[in-house]
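>>> Have a look at this prediction, sequence included:
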Amino acid sequence: MDKRWLTAPCGLGCFLCSIYEENITEEEKTQVSKYLNIPLEEVPCKGCRDEKGNCRFGKNHSCPTWDCVQEKGVAFCYECKEFPCEKFRPTKDGVNFPHNIKMYNLCRIKLIGIDNWIEEANEIRKLYYEGKFQVGKGPIFE
């Protein structure tokens, strides 16, 4: 598995995603199929780059971030001279979508490199979804 290739331009680790084809369970496949009203065989994702930005959860399945990086000729958003752009402006609406983890991941990748980020990506994701937030400290496990 090429984890570099399986890291989306926006900073999400496709290799950690529950609907990535190597990770998805039958139960998850059934739930997503019903939620998105798509056939079961269309649920598993090959990763953002192999799917060419075809996001199962986006409107019309087209990802504007994917289109942007293709237009700009960069592999990751942080490589763009306009980063962070309006696509990364925070909003309270849609808090179930991992928007702020994308920003954190992109900043970490820029700071420590993709290979080092890959080594800590699972811990970042776990803290994001399971950690308890403490002001000034970030998420911790209790």
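Received the coordinates, thanks.
>>> tell me, how many neighbours does the residue nearest to H99 when sequence neighbours are not counted end up with?
With CB to CB, 6 or more residues apart in numbering as the measure, P90 is the residue that lies nearest to H99, at 6.8 Å, once sequence neighbours are left out. Just so you know, the C-beta spots here come from the backbone N, C-alpha and C atoms, and that holds for glycine as well. For P90, the count of nearby residues is 9 (other CB atoms under 10 Å).
>>> try V69
21.
>>> mind checking which helix or strand it is in?
In this assignment (DSSP states H and E), V69 forms part of helix 64-72.
>>> Identify each buried residue in that helix, please.
Residues of helix 64-72 classed as buried by neighbour count (16 or more other CB atoms under 10 Å): 65-66, 68-69, 72.
>>> so which of those would you say is closest to G47?
Looking at those and their distance to G47, the nearest is W66, at 11.6 Å (CB to CB).
>>> quick one: F83 and K72, what's the gap?
In this view, F83 and K72 are 10 Å apart by CB to CB, to the nearest Å.
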